[in-house]
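Undergrad: next input, structure requested:
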Amino acid sequence: AAAAATAGGDENTAPNKNNKSNNRNNAGAAVPAVADVDVELDVSGQTTAEGGANKLGDKSILRSVLQRFLPRCYNLMTVKEDDSVTVRPQVAMAIVRLLQQLPTSVLEKKIPNLIAKVAVTLKDRLQSVRDTARGSLVEISRSLGPTYFHYILKELRTYLLRGYQVHVLGYTVHALLEGMDCTAGQLDDCVDDLMLVFIDDVFGTTSDEKEVDAIASKCKEAKSARSFDSIQILARVIGSDAFPRMMGPLKQAMTVSESAKEAAKLQEILRNVALGLAVNAGVTVEDLMRLSYSLITENLVLAKRGKMIVKTKAPKRPESTYVLAPKVSRENTPEACFNTNAHLLVELGLRVFLNLLKRDKFEKADLAHLGMLDPFCMVLADALKAKYTKILVLALRALTFVLPLHSSLPTMHATLPTLTVSIFKLLQRGGDSESATELHQVCCKAATVLLRDCPSQTISENQLRVLVSFAQTDIHDSDRQLTVFPLIKAVIQRRLLVAEVYDLIDQIGQIMVQSHVAASREQCGQIFLQFMLDYPLSGRRLDSYVNFLVANLDYEFATGREAVLAVLHAALSKFPESFVNTNATMLLMALVAQLVNAPTPAVRSMIAAVVQVLVGRVDTSRRDEFFTLITTWLADDKALLKRAALQICSIFVEACGKDFERYLSRAFPLLVPFILAEGEAAGEAGSKQPSFRIDGDEDETWMLPYLAMKVCHKIFVEFPSF
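TA: Modelled structure (predicted):
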């Protein structure tokens, strides 16, 4: 391009006035004129914007590029269609690429004009024109990098000033930030201007227009406030030194925000700030902990007071009763407004602290980190006395991470009694609102961690009754079961004795059998088993729980049977052998009865597994009794009982292993007749009825010989030489 411009040097260097006029008309009157070309041409030794050596050191070449080639490119960059001026993105990017090859001083003087020509088209009423211009700006910003972002922001704020243009400004800035690749600290110079854009978009006069459907339908940019997400993006890349400048406009907004709607917007902004800081690679853990601590401690006193409204005193009653006393004014001063909204800064500090704990940025083995964490113990204890539910929720969530470290934190050990009292007070708060429900669930989680991870902390009998009473109610609420089940496990693990616990376990057993939710049945089964194994129980009470399980082996739904069998299987594996031997015969009889009548293959398989564990845990004398029962059933006339005996015998072989050798001489003669009788019946000419039928069901006449051969197969596998 430079060579072509030099070749045309014999002609007039500057374009004639007619051509300039035609080009300006083609570009549209709304587009600003090209900047003056009187650029400093002494560029020897300078580098390009991309850091390379200056290849255009020849003044004549540089003059031709600046005075002849670039103006023509500018004129080609926009095209007028009807009453709109549209940007050609490819031409705009070509100009940017060319400018990046020029010296840095030239780029810095020329780039504002290029950006202005693109930015001015964002004022167009056509959505397609604005989308094209915005896409071009994103590509230009990505190519130039964060160093030149302030040029783009300045031009946008210059041309997009009022009405729907403010919506376009906030939307465009979000698109630019989202498409930019930058590291921490590179946008610190733009923080002030960016915050002005965000605050105006969220709290300005145009913020209410986003809720008007008629306006949002005409302007895509007005449908939602993108500034919340933009603030989060800015928080991801902001440097620690620039954070006070980011918070300055927000604190200023807190001094004038009076309505609940504005407070909700501030809360959402600060929530996004916390999310952005959580993934900010340029801010250290120490910086975030110091920031969190200062935000909480400086504003927590105000958060404990609740809302503050300055009331002017009413004047004394006038002497004349016919004169009306003036109304008492309720004027909110900036100081009072800030004090009312100060709890939002406490929430921000707690969110930053909680994100540190949740994202494993805090090193538990680092003594320096533990030393910085120790002062937070007292801060969290004070936060539990705040008047705002959100602060209480965030403080309790943070405690669930800090409490397990109590042995490494001296202050936490001293604060545990106070924390315990506060947690149980909050747990007893009532309310059906969404915030009250959230507070209740978080209190349950904190109480769970306190019971499980702080065994040195004593729980009074009254406190335990409070926990159990809430657990008895919450276990029937599917939305709260995920919270209450760990709490019940923690109570049982601590072996806390109170009469209400036994009533709670009775309810757990009913839910374990009757619930249609698999997760609830599984959790209740674990609690029921843990209670039977770990809790101090009398023999009579333990027998009652075993009888409960046996009685529900024939529950009407297969899911209930499976839950009971799962508990029995685990219990028989862990119960003392003395208890298993005592109840072995009763359990075997109940299992055999259900094995024959099992409704599904899954239930039959689980029964077989329980019988196998039972046979494997009993002593030799009990096994002898079991085998005697098997031989008795095999000699019985009832086919169903024969089938059950063969199934139990098959399980018996697997459970005993090599020890089954003592029963071989008695077992094999009982199995052979089943196989031979079926073979003889099948070989008889004209025989239509097999030897063995199960209660008249001809489709299952094969069952007994099949089961007998299955037992024989297992015997031959276990004893090849037999």
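Undergrad: so what's the residue nearest to Met77 when sequence neighbours are not counted up against?
TA: Nearest residue to Met77 in three dimensions, chain neighbours excluded: Val91, at 4.5 Å (CB to CB, 6 or more residues apart in numbering). Any C-beta I mention is one placed from the backbone N, CA and C, and that applies to glycine too. The contact partners of Val91, by CB atoms under 8 Å, 6 or more residues apart in numbering, come to 73, 76-77.
Undergrad: hang on, Val91 in a helix?
TA: Yes. Inclusion of Val91 in a helix is indicated when DSSP: H, G, I helix; E, B strand; the rest coil is applied.
Undergrad: moving C-terminal of the longest helix along the chain, what's the next helix or strand?
TA: Scanning the chain for the helix with the most residues, using DSSP state H, yields helix 334-358. Of the helices and strands lying after helix 334-358 in sequence (DSSP states H and E), the nearest is helix 367-383.
Undergrad: for that next one, packing partners?
TA: Under the contact definition 3 or more CB pairs under 8 Å, 6 or more residues apart in numbering; DSSP states H and E, helix 367-383 sits against helix 285-305, helix 334-358, helix 389-402, helix 410-427.
Undergrad: next, the angle helix 410-427 makes with the following helix or strand past the last one.
TA: Where DSSP H and E defines the elements, the next helix or strand beyond helix 410-427 is helix 434-453. In terms of direction (axes from the mean of the first three to the mean of the last three CA atoms, to 10 degrees), helix 434-453 departs from helix 410-427 by 140 degrees.
Undergrad: before we move on, the earlier item: of the contacts of Val91, which is the most crowded?
TA: Met77 (23 neighbours; other CB atoms under 10 Å).
Undergrad: returning to what we had before: confidence score at the residue nearest to Met77?
TA: Reported pLDDT at Val91 in the predicted model: 91.
Undergrad: could you dump the contacts of Val91 to TSV with distance to Ile61, secondary structure and pLDDT?
TA: Converted to TSV, the contacts of Val91 look like this (distance: CB to CB, whole Å; DSSP: H, G, I helix; E, B strand; the rest coil; pLDDT from 0 to 100):
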residue	distance to Ile61	secondary structure	pLDDT
Cys73	16	helix	88
Leu76	21	helix	87
Met77	22	helix	89
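Undergrad: in the chain, which residue is most central in space?
TA: For the chain, the residue lying nearest the average C-alpha position, counting by CA atoms, centre = their mean, turns out to be Lys358 (10.5 Å).
Undergrad: my guess is it contacts Ala398. True?
TA: No. Shown here, Lys358 and Ala398 do not form a contact pair, counting by CB atoms under 8 Å, at 9.3 Å.
Undergrad: and Thr86, helix, strand or coil?
TA: strand.
Undergrad: was I right about it contacting Thr78?
TA: Yes. The pair Thr86 and Thr78 passes the contact test of CB under 8 Å, sitting 6.7 Å apart.
Undergrad: which neighbours do these two share?
TA: Contact with both Thr86 and Thr78 is made by residues Thr121, according to CB under 8 Å, 6+ apart.
Undergrad: identify the bridge partners of Ser84.
TA: With beta bridges defined as DSSP bridges, Ser84 has these partners: Glu81.
Undergrad: wait, it touches Gln127, no?
TA: No. Shown here, Ser84 and Gln127 do not form a contact pair, counting by CB under 8 Å, at 10.8 Å.
Undergrad: between these two, who's got more neighbours?
TA: Neighbours were counted for Ser84 and for Gln127 using other CB under 10 Å; Ser84 has more, 16 against 12.
Undergrad: ok, and what's touching stretch 480-489?
TA: Applying CB under 8 Å, 6+ apart, the set of residues contacting stretch 480-489 is 440-441, 444-445, 447-448, 451-452, 467, 470-471, 474-475, 504, 508, 520, 523-524, 526-527, 530.
Undergrad: ok, and for that stretch, which residues are buried?
TA: Residues of stretch 480-489 classed as buried: 480-481, 483-489 (neighbour count, 16 or more other CB atoms under 10 Å).
Undergrad: re earlier: which of the helices and strands packed on helix 367-383 sits closest to Trp702?
TA: Smallest distance to Trp702 across the helices and strands packed on helix 367-383 (CB to CB): 60.0 Å, for helix 389-402.
Undergrad: now for the closest one, which elements pack on it?
TA: helix 334-358, helix 367-383, helix 410-427, helix 434-453.
Undergrad: ok now do Thr559, which residues does it touch?
TA: Taking CB under 8 Å, 6+ apart as the definition of contact, the neighbours of Thr559 are 516, 518, 521.
Undergrad: for those residues, which one is nearest Thr132?
TA: Sorting these by how near they are to Thr132, with CB to CB, puts Ala518 at the top with 53.8 Å.
Undergrad: who's in contact with the closest one?
TA: Thr559.
Undergrad: swap in 10 Å and give it another go.
TA: With CB atoms under 10 Å, 6 or more residues apart in numbering as the criterion, the residues that contact Ala518 are 559, 562-563.
Undergrad: and of those residues, the nearest to Cys712?
TA: Glu562 (30.6 Å).
Undergrad: name the element the closest one belongs to?
TA: Element membership of Glu562 [criterion: DSSP H and E] is helix 558-574.
Undergrad: now do that helix, average pLDDT.
TA: 93.
Undergrad: only C-alpha atoms, please: export that helix in CSV.
TA: Once side chains and other backbone atoms are set aside, the C-alpha atoms of helix 558-574 remain, and they are given as CSV (Å, rounded to 0.1, in the frame of the first residue of the first chain):
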residue,chain,number,x,y,z
ALA,A,558,-40.6,-54.3,46.6
THR,A,559,-38.7,-51.0,47.4
GLY,A,560,-39.6,-51.4,51.1
ARG,A,561,-38.4,-55.0,51.1
GLU,A,562,-35.2,-54.1,49.4
ALA,A,563,-34.5,-51.4,52.0
VAL,A,564,-35.1,-53.9,54.9
LEU,A,565,-32.9,-56.5,53.3
ALA,A,566,-30.1,-54.0,52.8
VAL,A,567,-30.1,-53.2,56.5
LEU,A,568,-30.3,-56.9,57.5
HIS,A,569,-27.4,-57.7,55.2
ALA,A,570,-25.2,-55.0,56.8
ALA,A,571,-26.4,-55.8,60.3
LEU,A,572,-25.6,-59.5,60.1
SER,A,573,-22.1,-58.6,58.8
LYS,A,574,-21.4,-56.4,61.8
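Undergrad: list the buried residues of that helix.
TA: For helix 558-574, the neighbour count (16+ other CB under 10 Å) marks 559-572 as buried.
Undergrad: in stretch 350-358, what's buried?
TA: 350-357.
Undergrad: swap that for stretch 158-167, sorry
TA: Of the residues in stretch 158-167, those with enough neighbours to count as buried (16+ other CB under 10 Å) are 159-160, 164-167.
Undergrad: mind listing residues that contact it?
TA: In contact with stretch 158-167 (CB under 10 Å, 6+ apart) are residues 30, 32, 112, 115-116, 118-123, 125, 130, 156, 168-173, 197, 200-201, 204-207, 209-210, 215-216, 218-226.
Undergrad: at 6 Å what do you get?
TA: Judged by CB atoms under 6 Å, 6 or more residues apart in numbering, the contacts made with stretch 158-167 from elsewhere in the structure are 119-120, 123, 168-169, 206, 219, 221-222.
Undergrad: check pLDDT for those residues and point me to the minimum.
TA: Thr206 (73).
Undergrad: what does the pLDDT read for the nearest residue to that one once chain neighbours are set aside?
TA: Take Thr206 and drop its neighbours on the chain: the residue closest to it by CB to CB, 6+ apart is Val166, 4.5 Å away. For Val166, the pLDDT comes out at 87.
Undergrad: okay, buried residues for the helix or strand hosting Val166 please.
TA: Assigned by DSSP H and E, Val166 belongs to helix 164-179. Neighbour-count burial for helix 164-179 flags 164-177 (criterion: 16+ other CB under 10 Å).
Undergrad: returning to that earlier point: residues of the following helix or strand past the helix holding Glu562 that come out buried?
TA: Under the assignment DSSP H and E, the closest C-terminal helix or strand after helix 558-574 is helix 577-597. For helix 577-597, a neighbour-count test (16+ other CB under 10 Å) marks 579-580, 583-584, 587-588, 590-592, 594-595 as buried.
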